[in-house]
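1. can't give you the sequence, but here's the structure:
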């Protein structure tokens, strides 16, 4: 009930005397979100699957299994006939490995955020350090913009923002307002929004970690 409707309702109850109880209408109960399986029985048993219309974070260091879980999730989604979008901030996605894991590449939109070539001459070490930092920030900005466009465009069953190869100290620079924007954008859609990271970054904006 919005503010205008509430004022109208209260005005209609002015005939009630002092101390009278106002019979407010029942608010609609929120239904539990639909969940989709990840394809990993142990994860599905623990979480019940990933919720649609919500942001989920898959976190872990290198070799922790986060990429294998992601490939399983995309394989299950494309097998359902859904179109998936992968925003790859580190340009680390391997199509051959994905196909071997069962991902239907014809149903996958791969957005690559490429790296700028960097010289490794000893005299350029300090400059290259700054250049690599700026390059990472640029790729993160591209990835955030691309993910925002894809979520708002609709039509995807799964949208993945892969920051797994971005150093955590850099990934933490993503402002909380951006994560809130993602959460609100996906809230009333059938899409599953996944952020892949080394450590959690979205905080309370994510529905499942």
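-> It's in. For clarity, every value in this text was computed on a predicted model and none was experimentally measured.
2. where does the protein dip in pLDDT?
-> For the chain, the stretches with pLDDT under 70 are 1-3, 5-7, 9-31, 114-129.
3. What is the lengthiest helix in it packed up against?
-> Longest helix in the chain, counting residues (DSSP state H): helix 125-153. Applying 3 or more C-beta pairs under 8 Å, 6 or more residues apart in numbering; DSSP states H and E, one finds that helix 125-153 contacts strand 84-88, strand 108-112, strand 158-162, helix 168-171, helix 176-186. Backbone N, C-alpha and C define where each C-beta goes, glycine included.
4. got the angle between that helix and helix 176-186?
-> If you take axes from the mean of the first three to the mean of the last three C-alpha atoms, to 10 degrees, helix 125-153 sits at 30 degrees to helix 176-186.
5. Mind listing what's buried along helix 125-153?
-> Judged by neighbour count (16 or more other C-beta atoms under 10 Å), helix 125-153 contains these buried residues: 135-136, 139-140, 142-144, 146-148, 150-151.
6. Likewise for stretch 37-49?
-> For stretch 37-49, the neighbour count (16+ other C-beta under 10 Å) marks 37-40, 43-44, 47, 49 as buried.
7. from the residues you listed, which ones fall inside helices?
-> Of the positions in the buried residues of stretch 37-49, 43-44, 47 sit in helices, assigned by DSSP H.
8. Among the residues you listed, which one lies nearest to residue 198?
-> Checking those against residue 198 with C-beta to C-beta, the nearest one is residue 43 at 18.4 Å.
9. what's the nearest residue to that closest one if we skip its chain neighbours?
-> Leaving aside its sequence neighbours, residue 43 sits nearest to residue 69 (C-beta to C-beta, 6 or more residues apart in numbering; 6.7 Å).
10. How many residues are close by residue 102?
-> When neighbours are counted by other C-beta atoms under 10 Å, residue 102 registers 14.
11. Using just helix, strand and coil, how would you label it?
-> With DSSP: H, G, I helix; E, B strand; the rest coil as the basis, residue 102 sits in coil.
12. and it, what is it in contact with?
-> 71-72, 75, 78-79 (C-beta atoms under 8 Å, 6 or more residues apart in numbering).
13. Let me know the closest of the residues you listed to residue 161.
-> If you rank the contacts of residue 102 by distance to residue 161 using C-beta to C-beta, residue 71 comes first, at 15.6 Å.
14. What degree of burial does that closest one show, as a neighbour count?
-> 20.
15. That one is in contact with residue 95, isn't it?
-> No. Using C-beta atoms under 8 Å, residue 71 is not in contact with residue 95, being 10.8 Å away.
16. Quick check: closest non-adjacent residue to residue 150.
-> The shortest distance from residue 150 to any non-neighbouring residue, by C-beta to C-beta, 6+ apart, is to residue 85 (4.7 Å).
17. typed the wrong thing, it's residue 108
-> residue 84 (5.1 Å).
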